[in-house]
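Build me a model:
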Amino acid sequence: MATGTEAIETALKALGAVPDDQLDIAEAALLMAALDRPMADIGPYRRHLNDVVGAVTKEEAGAEAAPRALTLASVIAGEYGYRGDNETYEDPANADLMRVIERRMGLPVALGILYIHAGRAQGWRVDGLDFPGHFLIRVEGEDGSLVLDPFHMGRIADPPIMNELLRRISGEQELRPEHVRPMRAREVLLRLANNIKARAWKGGDVDRAATMLERMLMVAPDFAPAWRELGMVEEKRGRIRQSIIATERFLVLSGSEGASLEAQAFLHHIRRQLN
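I've put the predicted structure just below:
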């Protein structure tokens with residue numbers, strides 16, 4: 001069992017090295033959360049996830065999308081009481097899977113990981129959707145698919161509901177294909193961690209922002225935007241050599257000419273600070 005910061009980081013980096021379709025999304029999210037409580041026993045959280053999987057399995061939902069979707073919602077939201085946190089939405093605990101399990105509430109993406117984990121454990125195709133500002137999931141069956149909203153007790157999010165969410169959250173008026181793009185497991189984990197990182201930035205906690213960027217890079221070591229942002233954070237922390245290393249890594253990974261030119265100018269700026 002991974003206990004202690006070094007052991008947890010080693011386990012998380014090992015997950016970061018596996019192919020995306022083999023990545024255990026719930027285990028990675030637990031390890032990311034455990035880094036804030038490195039001496040805590042992760043075992044009870046893993047057992048809880050196994051209990052949720054077992055409860056879904058027991059329902060024998062079959063091969064069609066609707067029974068699968070309704071089973072996930074009835075078990076996760078109904079039997080176990082998971083719901084969105086409307087009262088303290090900005091609380092970073094809502095993006096910490098250990099705290100989400102303890103409190104039975106969280107952000108859409110954290111709750112969505114529970115649905116994805118429980119569904120995929122059945123051999124079902126369950127994906128997170130890249131919906132702006134409000135994470136949704138799609139459950140597939142032999143007869144098609146259904147979109148669920150994990151924040152609202154796993155309700156079915158049909159096109160009218162998605163259009164209303166889109167207008168309310170992002171101000172956009174038209175549902176487009178990119179709004180329902182299936183996300184890879186790493187993208188979901190990055191979205192989860194980004195919630196904590198963004199709140200740290202907003203609150204002026206540069207050290208916490210750096211910590212979350214480092215965790216993002218453990219699970220997605222080739223994610224160029226995080227290297228770029230880490231370079232800027234390290235410069236703000238006065239860690240110039242670390243800023244140079246992160247920015248150089250971004251330049252190796254970046255496929256954007258414009259972003260690379262901007263990063264090269266930044267790199268020139270911070271190198272001068274060493275002289």
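
tell me the domain boundaries of this structure?
Domains of the chain are assigned by automatic domain parsing as 5-183, 222-272.

With residue 208 as the reference, name the closest of the ones you listed.
Across the domains of the chain, residue 208 has its closest neighbour in domain 5-183 (8.7 Å, Cβ to Cβ). (Glycine included, C-beta is placed from N, CA and C.)

Check the offset of stretch 254-265 from the chain's centre.
Between the centre of stretch 254-265 and the centre of its chain there are 26 Å (Cα atoms, centre = their mean, to the nearest Å).

Run through this structure and note the low-pLDDT ranges.
1-3, 275 (pLDDT under 70).

can you tell me which residues contact residue 184?
residue 20 (Cβ atoms under 8 Å, 6 or more residues apart in numbering).

separation between it and residue 169?
Note on residue 184: its distance to residue 169, by Cβ to Cβ, to the nearest Å, is 22 Å.

Please apply the same query to residue 215.
With distances taken as Cβ to Cβ, residue 215 is found 26 Å from residue 169.

Same check on residue 80?
Counting by Cβ to Cβ - residue 80 and residue 169 are separated by 26 Å.

right, and the domains of the chain - which one's nearest residue 211?
domain 5-183 (8.1 Å).

Just the terminal-to-terminal distance for the closest one.
Terminal residues of domain 5-183 lie 29 Å apart, using Cα to Cα, to the nearest Å.

picking that back up, between residue 80 and residue 169, which is the more surrounded one?
Legend: neighbour count by other Cβ atoms under 10 Å for residue 80 and residue 169, higher for residue 80 (17 against 12).

Leaving out sequence neighbours, find the closest residue to that one.
Among residues not flanking residue 80 along the chain, residue 52 sits closest, at 6.3 Å (Cβ to Cβ, 6 or more residues apart in numbering).

The one you found sits in which helix or strand?
Per DSSP states H and E, residue 52 falls inside helix 43-58.

That helix: what's the following helix or strand?
Taking DSSP H and E, what comes next after helix 43-58 is helix 65-73.

Check which helices and strands that next one sits against.
Packed against helix 65-73, as judged by 3 or more Cβ pairs under 8 Å, 6 or more residues apart in numbering; DSSP states H and E, are the following elements: helix 108-120, strand 136-141, strand 144-149.

between the first one and strand 136-141, what angle do the directions make?
Right, the one you point to is helix 108-120. 10 degrees (axes from the mean of the first three to the mean of the last three Cα atoms, to 10 degrees).

quick one: helix 108-120 to chain centroid distance?
On Cα atoms, centre = their mean, the centre of helix 108-120 falls 10 Å from that of its chain.

could I get whichever helix in the chain runs longest in PDB with only the CA atoms?
Criterion DSSP state H: the longest helix present in the chain is helix 185-202. Written as PDB, here are the backbone C-alpha positions of helix 185-202 (Å, rounded to 0.1, in the frame of the first residue of the first chain):
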ATOM      1  CA  ALA A 185      -9.000   9.400 -18.800                       C
ATOM      2  CA  ARG A 186      -6.000  11.700 -18.400                       C
ATOM      3  CA  GLU A 187      -8.000  14.600 -19.600                       C
ATOM      4  CA  VAL A 188     -10.600  13.900 -16.900                       C
ATOM      5  CA  LEU A 189      -7.900  13.800 -14.200                       C
ATOM      6  CA  LEU A 190      -6.400  17.000 -15.500                       C
ATOM      7  CA  ARG A 191      -9.800  18.700 -15.400                       C
ATOM      8  CA  LEU A 192     -10.200  17.500 -11.800                       C
ATOM      9  CA  ALA A 193      -6.800  18.800 -10.700                       C
ATOM     10  CA  ASN A 194      -7.300  22.000 -12.600                       C
ATOM     11  CA  ASN A 195     -10.300  22.900 -10.400                       C
ATOM     12  CA  ILE A 196      -8.000  23.000  -7.400                       C
ATOM     13  CA  LYS A 197      -5.200  24.700  -9.200                       C
ATOM     14  CA  ALA A 198      -7.500  27.500 -10.600                       C
ATOM     15  CA  ARG A 199      -8.900  28.200  -7.200                       C
ATOM     16  CA  ALA A 200      -5.300  28.400  -5.800                       C
ATOM     17  CA  TRP A 201      -4.400  30.900  -8.500                       C
ATOM     18  CA  LYS A 202      -7.500  32.900  -7.800                       C
END
